[in-house]
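Asker: Predicted coordinates and the sequence they were generated for:
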Amino acid sequence: METRARPQGRSFSLNDPGVRAAAYQILVAALVLFAGWYLISNTLENLARQSIGTGFGFLEREAGFEVGESLIDYSAQDSYARAFLVGILNTLKVAVIGIVLATVLGTLLGVARLSSNWLVAKLAGGYVEVVRNVPLLLQLFFWYAALTEGLPGPRQALQPLPGVFLSNRGLKIPGAAEDPAWAALGIALLAGIAGAVAVHVWANRRHTATGVRPPAGAISAGLVLGLPLLTLLAFGGAALDVPELKGFNFTGGLTLTPEFAALLFGLVIYTAGFIAEIVRSGILAVPHGQTEAAAALGLSRGRILRLVVLPQALRVIIPPTTSQYLNLTKNSSLAIAIGYSDFVSVANTTINQTGQAIEGVAAIMAVYLTISLGLSLAMNWYNKRIALVTR
Amino acid sequence: MTQENATTPVLPPPVLARGPIGWARANLFNGWFNTALTLFVLWILVRTVPGLFDWAVGSAVWSGDAAICRAEGAGACWSFVAEKWRFILFGTYPADQHWRPVAAMAAILATLLASADRRMWGRPLAVIWPVGLGLAALLMFGGVLGLDFVPTTLWGGLPLTLALSVVGLVFAFPLGVLLALGRTGDLPVVKALSVVYIEVIRGVPLISVLFMASVMFPLFLPQGATIDKLLRAQLGFILFAAAYLAEVVRGGLQAIPKGQYEAADALGLSYWQKTRLIVLPQALSLVIPPLVNTFIGFFKDTSLVIIIGLFDLLSTAKAALTDPAWRGFYKEAYLFVGLIYFAFCYAMSRYSQFLERDLSKGRRR
């Protein structure tokens, strides 16, 4: 209302809302600009005095530090830019796996809290209350201590399954050795998934045309599981790279480091508590009449859930879940406290080595803003797809 | 018919449908799936609970030194907590002065409890808060009335956690309200600035804001000026919290019907009169429950200051664990600290739920 244009033919007056609005805004803009100029001039002066360089030129230089784990080849001789890339990939790795697992666990817990089974409902409720009311960092410290101090050394490693070792160096599992069977297995799995998608499209068409739904679920399960199994039988098994104890540590196999495992554990267990509450309120938001009407139409219990309750509950669930996904991604920056090489921890090492704090903090903010923006765009697109279509 | 009914005694419900048996049949064993689930859960509980109880109580060590705790078959080492609780709760604050943080925390808790009472909302709070916080600051800092001055570098433990969260909220709240007003207002420049600020802060992790506060603030200041480490963290915290509080307040502002604004305009109220007398009282009372929830989040988030080297409650627990004589009792340390955090957060969340029911009475049919 303040920005309303000044009526024609009236003389300039300080009581004019339009004039006042313009004056306030010029004042605020001037204040912000002045504060910015003051801070920047101080900063430049300080940087010059402490002879700290500016700009992102350091990215080309040799990093000179090792990282705990990396998805791509990396050594201390590589550049800071590559170290940053390693950090970003590690952040994305824990965020993606964490989001998937937290969604599964959170949904299970949310449903469990609504269970008619008193014991299950109370236990799930207790879990949610405890997990949500204790700081995530404390939980992370606890899991990290449990995975390092609480487990024996490599020589006394626990062996829950043959070839699987659990010690304070992390979880070692057999990995894929050099064997053409693995490539064939991958192709068979992809073919199975493609086949399952095709079956679903075909089943939907048949359903619309004839009113009878072919058993698409059974066929696709057979395709996804059966094709790789047949391939495995055809090759007569695939070679495994089993971890072995050599000296003081293991060689071979795949490793789940204690740092990654503790971070993933902590994030999943914490976020699942919040997702459980969202799922519960989403399901409660669907009126009971909907379930009754669907039952009156003769739908089975599974289909009532899948076709009637879930689509309506999802509309309530998706927006707050999006912010939980964003929280999980941002909380993964706590990795620095337990020594997992995520982006914040790599950037922090860089700040300590180069002294270029401003560039380092700016890089952290830019990376997280990009991830947050990308994730919210994706979730908003999905949210729009499932939103209620009205006039 | 009627006569027959009058003489037939009314039978009680069958024994399987009432009392504990009926309850168990309805809540634990209704259908084969629930029966299997109950049996499975019971099996897990039987396997774990006695062991946990034995660890925490049965064979726990309540006093003595670490050697007793390390003996074969010893359970939880509560003597670690008995030995270290003063350090965990108060950090490096001078030991003979520990009554001061206790009194300061009592002042803060009394302030919080008084604010929880709805009869106090309004003018009394404007008196209670400055008095409560002033008293707490006086006790913590000292330097007057014969109290020794204690610099913030010696502060630690629970008083530091409470100070960071409560002082942070006190300053972040007005800033958040201003940002929310800016974002919902009509001034394009102010609106753009508010939106950019809120979205940038909400898009980055708290750690990056704390890093900024700890490594960049010293660069911002003119030559020669220094800024206390605690104050830096507190500033970073306020800047972070303000963005989140702004979004909560914005929710309340958007729930006010347009008619309220128009009626205020029609009465000839100025912008600030309208905001202070009409808009904010309605908007803020709508968002008190989410505000309490946001505060719970901030209370938990104060634990992040360990990363920039402050000694809050979690950091002192971690530091207590580095004592070579008492290494490895992490379960006891984290359980102790976790219980303190839980007590505060759970109390606040129950209060928020109570408030939500209480405040919606007028809107319920």
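Answerer: Thanks, I have it. Computed from a predicted structure; not experimentally measured.
Asker: So, low pLDDT: which residues of chain B?
Answerer: B:1-6, B:362-365 (pLDDT under 70).
Asker: Can you check which helix is longest in it?
Answerer: helix B:330-359 (DSSP state H).
Asker: Would you mind pulling up the elements that that helix packs against?
Answerer: helix A:118-132, helix A:136-148, helix B:78-90, helix B:288-301, helix B:313-321 (3 or more Cβ pairs under 8 Å, 6 or more residues apart in numbering or on different chains; DSSP states H and E). C-betas here are computed from N, CA, C, even on glycine.
Asker: The fourth one and chain A, any residue contact?
Answerer: Yes. Helix B:288-301 is in contact with chain A by Cβ under 8 Å from any Cβ of the partner chain, via B:296, B:300-301.
Asker: Grab the nearest non-local neighbour of A:Tyr270.
Answerer: The shortest distance from A:Tyr270 to any non-neighbouring residue, by Cβ to Cβ, 6 or more residues apart in numbering or on different chains, is to A:Leu136 (4.8 Å).
Asker: quick one on the thing from earlier: centre of the chain versus the longest helix of chain B, how much separation?
Answerer: Distance of helix B:330-359 from the chain centroid (Cα atoms, centre = their mean, to the nearest Å) equals 7 Å.
Asker: The residue nearest to A:Tyr270: what's it in contact with?
Answerer: By Cβ atoms under 8 Å, 6 or more residues apart in numbering or on different chains, the contact set of A:Leu136 is A:266-267, A:270, A:331, A:334, B:300.
Asker: residues contacting A:Leu190?
Answerer: Taking Cβ under 8 Å, 6+ apart, one finds nothing in contact with A:Leu190.
Asker: A helix includes it, no?
Answerer: Yes. Assessed by DSSP: H, G, I helix; E, B strand; the rest coil, A:Leu190 belongs to a helix.
Asker: any idea how far it is from A:Asn331?
Answerer: Distance of A:Leu190 to A:Asn331, given as Cβ to Cβ, to the nearest Å: 33 Å.
Asker: before we move on, what about A:Ile317?
Answerer: 20 Å.
Asker: Phi and psi next, for A:Ser167.
Answerer: phi -140, psi -180 (degrees, to the nearest 10).
Asker: Please name the nearest non-neighbouring residue to it.
Answerer: Closest to A:Ser167 by Cβ to Cβ, 6+ apart is A:Ala157, at 3.8 Å.
Asker: Can you give me the domain boundaries for chain B?
Answerer: Chain B breaks down by automatic domain parsing into domains covering B:15-70, B:83-93+B:150-358.
Asker: For B:Gly143, which of the ones you listed is the nearest?
Answerer: Judged by Cβ to Cβ, the one of the domains of chain B that comes nearest to B:Gly143 is domain B:83-93+B:150-358, at 8.2 Å.
Asker: Look up the closest residue to the residue nearest in space to the middle of chain A, ignoring the ones flanking it.
Answerer: Chain A has A:Ala95 as the residue nearest its centroid, 2.9 Å off, counting by Cα atoms, centre = their mean. In space, A:Ala95 comes closest to A:Thr329 once its chain neighbours are excluded; the distance is 4.4 Å by Cβ to Cβ, 6+ apart.
Asker: tell me the pLDDT at the residue nearest to A:Tyr270?
Answerer: Predicted confidence (pLDDT) for A:Leu136: 92.
Asker: Would you mind measuring from it to A:Gly87?
Answerer: Relative to A:Gly87, and taking Cβ to Cβ, A:Leu136 is found at 20 Å.
Asker: same thing with B:Leu109?
Answerer: 41 Å.
Asker: So the two - more neighbours on which side?
Answerer: A:Gly87 (27 against 15; other Cβ atoms under 10 Å in any protein chain shown).
Asker: returning to that earlier point: could you double-check that the residue nearest to A:Ala95 lies in contact with A:Leu373?
Answerer: No. Using Cβ atoms under 8 Å, A:Thr329 makes no contact with A:Leu373, being 11.3 Å away.
Asker: neighbour-wise, which of those two wins?
Answerer: A:Thr329 (24 against 13).
Asker: what does the stretch 151-300 of chain B put close to chain A?
Answerer: Counting by Cβ under 8 Å from any Cβ, the stretch 151-300 of chain B sits next to chain A at B:185-190, B:193, B:200, B:203-208, B:211-212, B:215-216, B:218-223, B:265, B:271, B:296, B:300.
Asker: scratch that, the stretch 1-150 of chain B is what I was asking about
Answerer: Taking Cβ under 8 Å from any Cβ as the test, the list of the stretch 1-150 of chain B residues beside chain A reads B:27-28, B:30, B:34, B:37-38, B:41-42.
Asker: Using ChimeraX, define a selection of the buried residues within these.
Answerer: Those of the residues of the stretch 1-150 of chain B next to chain A that count as buried under 16 or more other Cβ atoms under 10 Å in any protein chain shown are selected in ChimeraX with:
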select /B:27,28,34,37,38,41
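Asker: Identify the farthest-apart pair in the residues of the stretch 1-150 of chain B next to chain A.
Answerer: Most distant of the residues of the stretch 1-150 of chain B next to chain A, by Cβ to Cβ, are B:Asn30 and B:Leu42, 15.5 Å apart.
Asker: how deep is the closest residue to B:Tyr334 other than its chain neighbours tucked in, by neighbour count?
Answerer: The shortest distance from B:Tyr334 to any non-neighbouring residue, by Cβ to Cβ, 6+ apart, is to A:Phe142 (4.6 Å). For A:Phe142, the count of nearby residues is 22 (other Cβ under 10 Å).
Asker: what's near enough to touch A:Phe142?
Answerer: So A:Phe142 contacts B:330-331, B:334, B:338 (Cβ under 8 Å, 6+ apart).
Asker: what's the spacing between B:Arg232 and chain A?
Answerer: 13 Å (Cβ to the nearest Cβ, to the nearest Å).
Asker: so who does that residue touch?
Answerer: Taking Cβ under 8 Å, 6+ apart as the test, what B:Arg232 contacts is B:213-214, B:217-218.
Asker: Please verify my assumption that B:Ala255 contacts B:Val279.
Answerer: No. Shown here, B:Ala255 and B:Val279 do not form a contact pair, counting by Cβ under 8 Å, at 10.8 Å.
Asker: Neighbour count for those two, which is higher?
Answerer: Shown here are B:Ala255 and B:Val279; by other Cβ under 10 Å, B:Val279 has more neighbours (19 against 11).
Asker: So the nearest residue to that one once chain neighbours are set aside: helix, strand or coil?
Answerer: The shortest distance from B:Val279 to any non-neighbouring residue, by Cβ to Cβ, 6+ apart, is to B:Ile256 (5.9 Å). State at B:Ile256, reduced to three classes by three-state DSSP: coil.
Asker: Just the helices from the stretch 1-150 of chain B, written as ranges.
Answerer: Assigned by DSSP state H, counting those that start in this stretch, the helices in the stretch 1-150 of chain B fall at B:2-7, B:19-27, B:31-53, B:66-70, B:78-90, B:99-116, B:123-141.
Asker: Run through the helices of the stretch 101-250 of chain A in chain order.
Answerer: Under DSSP H, counting those that start in this stretch, the stretch 101-250 of chain A gives helices at A:118-132, A:136-148, A:180-210, A:216-235.
Asker: right, and those - which one's nearest B:Ala104?
Answerer: Per Cβ to Cβ, nearest to B:Ala104 of the helices of the stretch 101-250 of chain A: helix A:136-148, 23.3 Å.
Asker: Return the distance of the closest one from the chain's centre.
Answerer: Distance, centroid of helix A:136-148 to centroid of chain: 19 Å (Cα atoms, centre = their mean).
Asker: ok, now stretch B:316-327?
Answerer: That offset, for stretch B:316-327, works out to 25 Å (Cα atoms, centre = their mean).
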